[in-house]
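> A predicted structure for the sequence below; I have some questions about it.
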Amino acid sequence: MQRDRAAIVAVCVVVAATAVAFGPLVTALSLGEPADADAGAGSQDRGSLTIESVSFPETATIEAASYGAANHYVTVPAATVQINSLTGAPLLVYRLRIEALGVQLGTVHFLERVEGETYRATMEPATIDREQLDAEYTGELSVVVIDASGRRTVANQTVAVSTVE
């Protein structure tokens, strides 16, 4: 009977230690692929993407969540991307960085089946945990391409990020 209890305790300790070591508290260790994996192995199969121009929105917004919740929603309108050429399955990343809040958001677009020369890059609304916010922030929008030649930023623009209560 003592062996059964010892085995159960040992399994619980191993599970708990693994959860702590590889969980969000210890970011240096990871059981998954490294963060730079998207620009490394397999990128030869991504093809290529050349972009003529990118049109960014003028503003983004931060809105308080409903029903008195402490979090806020960040909403970014779509960017319009003029594509010169596309082969294979490159990735396009649409990002917003608000340095004053320590926030970086982004959405990855898989461009394998893009039709036409214009693409609307969208960003999913995201939540941030903040109880108090200033009325206005400055953010930086960027479009990053990941294809067979690597990872590169093709466009940046500063954007006003306003808080709506």
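Structure's in. What do you need?

> quick one: contacts for residue 91?
Contact analysis of residue 91 by CB atoms under 8 Å, 6 or more residues apart in numbering lists 38, 46, 108-111, 145-147. All C-beta atoms are positioned from the backbone trio N, CA, C, and that covers glycine.

> tell me which two of the residues you listed sit farthest apart.
38 and 111 (13.8 Å; CB to CB).

> tell me which of those two has more neighbours.
Relative neighbour count places residue 111 above the other of residue 38 and residue 111, with 20 against 16, counting by other CB atoms under 10 Å.

> what pLDDT does the residue nearest the centre of the chain get?
By CA atoms, centre = their mean, the mean C-alpha position of the chain lies nearest to residue 106, the distance being 3.1 Å. pLDDT, residue 106: 93.

> the helices in the chain, which residues?
2-22 (DSSP state H).

> which strand is the longest one in it?
Taking DSSP state E as the criterion, the chain has its longest strand at strand 150-164.

> give the rounded mean pLDDT of it.
Here strand 150-164 scores 93 as its mean pLDDT.

> need the helix or strand of this protein with the lowest average pLDDT.
Ranked by mean pLDDT, DSSP states H and E, the weakest helix or strand in the chain is helix 2-22, scoring a mean of 64.

> tell me the contacts of the closest residue to residue 53 other than its chain neighbours?
Spatial nearest neighbour of residue 53, chain neighbours left out: residue 82 (4.6 Å); criterion: CB to CB, 6 or more residues apart in numbering. Shown in contact with residue 82 (CB under 8 Å, 6+ apart): 51-54, 117-118.

> top of those residues by neighbour count?
residue 54 (20 neighbours).

> who touches that residue in this structure?
79-82, 143, 154-155.

> max pairwise distance over the contacts of residue 82: which two?
Maximum distance among those (CB to CB): 12.9 Å, for 54 and 117.

> next step: the contacts of residue 54 restricted to strands.
79-82, 143, 154-155.

> restricted to buried residues, select these in ChimeraX.
Remark: buried members of the ones in strands among the contacts of residue 54, expressed as a ChimeraX selection using 16 or more other CB atoms under 10 Å:
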select :79,81,143,154,155
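
> closest one to residue 4 out of the ones in strands among the contacts of residue 54, please.
Distance to residue 4 across the ones in strands among the contacts of residue 54 (CB to CB) is lowest for residue 143, with 57.9 Å.

> brilliant, that's me finished.
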